[in-house]
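>>> task: produce atomic coordinates for the following.
(chains A, B, C and D)
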Number of protein chains: 2
Amino acid sequence: MNDMASKPAPTSAARERILRTAHDLFYGEGVRATGIDRVIADAGVTKATFYRHFPSKNDLVEAFLHFRHERWMTWFDDALARHASEGPMAVVHALREWFTQSTFRGCAFINTVVELGGSVPAFEAISRGHKQDMTDSIRRSLPADASSEANASAIALAVDGAIIRAQYTHDAEAALLPLSRLIQALVSR
Amino acid sequence: MNDMASKPAPTSAARERILRTAHDLFYGEGVRATGIDRVIADAGVTKATFYRHFPSKNDLVEAFLHFRHERWMTWFDDALARHASEGPMAVVHALREWFTQSTFRGCAFINTVVELGGSVPAFEAISRGHKQDMTDSIRRSLPADASSEANASAIALAVDGAIIRAQYTHDAEAALLPLSRLIQALVSR
DNA sequence: AATCAAACAGACAGACCTGTCTACCCTTTT
DNA sequence: AAAAGGGTAGACAGGTCTGTCTGTTTGATT
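Residues are numbered from 1 along each chain as shown, chains lettered A, B, ... in the order given. Reported below is the predicted structural model:
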């Protein structure tokens, strides 16, 4: 007997379309600014189908954050590897790729925490996990010595500052230049 | 003759109450999360009175940002002066005062830009002005040499990162420790 | 061929949001 | 005394939001 009969398919064409559509809208225009109806219309599904896969909007937001995490970390690790020859400056060159994209609108995790405040603690926890993973990636890109842990944490903090600055100035270099200065100072002590 | 007859009083008890109420709600719960009705109820005025002073919600948000700017910069300059004996670390001690307040919920300007996206360019411009003034205050707290300008810009970027980290970790020291490390590295080259 | 899950189609409820409008009151100024 | 500005009180319009519901069609498995 199968007592999982009530669960929808864990994966399906409709579910994928909903998730990808939600990703583009939530990231590009904001979670709060994007209504469920808009996701449904753009994904080309119906309300019943949508609610079969995602019982509430919060469930969709959570799926969006996980999806975004996978996507972003894969890109970030790859970009750091491609710029490994730049040493500790690899992160600056990686971020430049991101900041200059026309779709850039800051960090999805920071944005979501700011937009929804502390009203959904689960989102904050997911965001902390994301930032921890980002910090670990940065640490792995540094020479492994006694200070790499603390340096990675400091660089990650500066990266968040750079993301925010790129977001409100719409100027990648205005964010990357001070970031370079900070990293340079940190690793050349 | 008085051709300003149609303008409401530039200052009045009701207007002050609306603005202070809006400040607490907009900062504490978010601009988007706070409805006009809530501001009106908490301020103890009526809708007609509210709309006499602020023709639209956006007008109130703009007044809120100016009010917040005055309030925050006054505190920040004072805090930097009080911790001047700490040298370049003054900013860390100043921020500790803020981060440990129970009402701390990040930077009102970053939050507003993130919440409303680019939908209201005026808010982005006000936020850039605020960050410029913050950077200038930081610069004035540093020894005036050839690198103070660039250092202030870098520290301001790190401060934004620290604000964000304090906001999503709810842990002041988790933000202040890496910030200290960055500043220390920067000024001790 | 029968069955069943998944998707389609779209009406509907109930809440909340911004902003308008009518009517009355009180205080200050003229 | 009268006029006028700022306030109280609250109904109302028109839109948007999340989420529920009824019923139909399609397609794959059995």
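
>>> any idea how far the closest residue in space to A:V39 that isn't next to it in sequence lies from DNA strand C?
Using Cβ to Cβ, 6 or more residues apart in numbering or on different chains and skipping the chain neighbours, the partner closest in space to A:V39 is A:A22 (5.1 Å). Where C-beta positions appear, they are placed from N, C-alpha and C, glycine not excepted. Distance of A:A22 to DNA strand C, computed by Cβ to the nearest atom of the strand, to the nearest Å: 15 Å.

>>> where's A:A22, which helix or strand?
A:A22 belongs to helix A:13-29 when assigned by DSSP states H and E.

>>> now do that helix: which elements does it pack against?
helix A:36-43, helix A:47-53, helix A:57-82, helix A:108-116 (3 or more Cβ pairs under 8 Å, 6 or more residues apart in numbering or on different chains; DSSP states H and E).

>>> which parts of chain A sit against DNA strand C?
Within chain A, the residues that sit near DNA strand C (Cβ under 7 Å from any atom of the strand) are A:5, A:8-9, A:12-15, A:44-49, A:52-53.

>>> now, of those residues, which are buried?
A:A14, A:R15, A:V45, A:T49, A:R52, A:H53 (16 or more other Cβ atoms under 10 Å in any protein chain shown).

>>> check which helix or strand the residue lying closest to A:L179 once chain neighbours are set aside maps to.
Once flanking residues are discounted, A:L179 sits nearest to A:A162: 4.3 Å by Cβ to Cβ, 6+ apart. Per DSSP H and E, A:A162 falls inside helix A:148-169.

>>> which neighbouring elements make contact with that helix?
So helix A:148-169, by 3+ Cβ pairs under 8 Å, 6+ apart, packs with helix A:90-99, helix A:108-116, helix A:121-140, helix A:172-187, helix B:108-116, helix B:121-140, helix B:148-169, helix B:172-187.

>>> out of the helices and strands packed on helix A:13-29, deepest packed?
helix A:108-116 (a mean of 23; mean count of other Cβ atoms under 10 Å in any protein chain shown).

>>> coming back round to it: max pairwise distance over the residues of chain A next to DNA strand C: which two?
Maximum pairwise distance among those (Cβ to Cβ): 26.7 Å, between A:A5 and A:G44.

>>> if I pick the closest residue to A:A150 other than its chain neighbours, what's in contact with it?
Using Cβ to Cβ, 6+ apart and skipping residues adjacent in sequence, the residue nearest A:A150 is B:R181, 6.2 Å away. By Cβ atoms under 8 Å, 6 or more residues apart in numbering or on different chains, the residues touching B:R181 are A:A150, A:N151, A:S153, A:A154, A:L186.

>>> low-confidence stretches in chain A?
For chain A, the stretches with pLDDT under 70 are A:1-10.

>>> ok and the residue in it nearest chain B?
A:G161 (3.1 Å; Cβ to the nearest Cβ).

>>> which one is A:V91 nearest to, not counting chain neighbours?
A:I138 (6.1 Å).

>>> and the helix holding A:A22, is it in reach of DNA strand D?
No - counting by Cβ under 7 Å from any atom of the strand, DNA strand D has no neighbours in helix A:13-29; the shortest distance is 10.0 Å.

>>> state the distance from A:P178 to B:H23.
30 Å (Cβ to Cβ, to the nearest Å).

>>> okay, the two: which has more neighbours?
Legend: neighbour count by other Cβ atoms under 10 Å in any protein chain shown for A:P178 and B:H23, higher for A:P178 (25 against 19).

>>> would you confirm that that one contacts A:V159?
No - using Cβ atoms under 8 Å, A:P178 is not in contact with A:V159; the gap is 11.5 Å.

>>> list the contacts for A:L142?
A:P88, A:S148, A:N151, A:A152, A:V187.

>>> does it count as helix, strand or coil?
Assigned by DSSP: H, G, I helix; E, B strand; the rest coil, the conformation of A:L142 is coil.

>>> what separates it from A:K131, distance-wise?
17 Å.

>>> same check, this time on A:G44
A:G44 is 34 Å from A:K131, by Cβ to Cβ.

>>> next, the contact list for the most centrally placed residue in chain A, please.
Geometric centre of chain A, nearest residue: A:A108, 4.6 Å, by Cα atoms, centre = their mean. A:A108 makes contact with A:F26, A:Y27, A:F64, A:L65, A:R68, A:W72 under the criterion Cβ under 8 Å, 6+ apart.

>>> quick check: the farthest pair among these?
Taking Cβ to Cβ, the two most distant members of the contacts of A:A108 are A:F26 and A:W72; they sit 13.3 Å apart.

>>> does chain B sit close to stretch A:54-63?
No - applying Cβ under 8 Å from any Cβ of the partner chain, one finds stretch A:54-63 separated from chain B by no less than 14.8 Å.

>>> flag every residue of chain A that's near DNA strand D.
Residues of chain A lying near DNA strand D (Cβ under 7 Å from any atom of the strand): A:T34, A:G35, A:I36, A:D37, A:R38, A:K47, A:A48, A:Y51, A:P55, A:S56, A:K57, A:N58.

>>> go again using 6 Å as the cut-off
Residues of chain A that fall close to DNA strand D, judged by Cβ under 6 Å from any atom of the strand: A:G35, A:I36, A:D37, A:K47, A:A48, A:Y51, A:S56, A:K57.

>>> ok, the closest residue to the last one other than its chain neighbours - contacts?
Spatial nearest neighbour of A:K57, chain neighbours left out: A:I36 (5.6 Å); criterion: Cβ to Cβ, 6+ apart. Contacts for A:I36 (Cβ under 8 Å, 6+ apart) come out as A:F50, A:K57, A:L60.

>>> can you check A:S180 too?
A:M89, A:V92.

>>> what's the distance between it and B:L157?
To B:L157, A:S180 is 11 Å away according to Cβ to Cβ.
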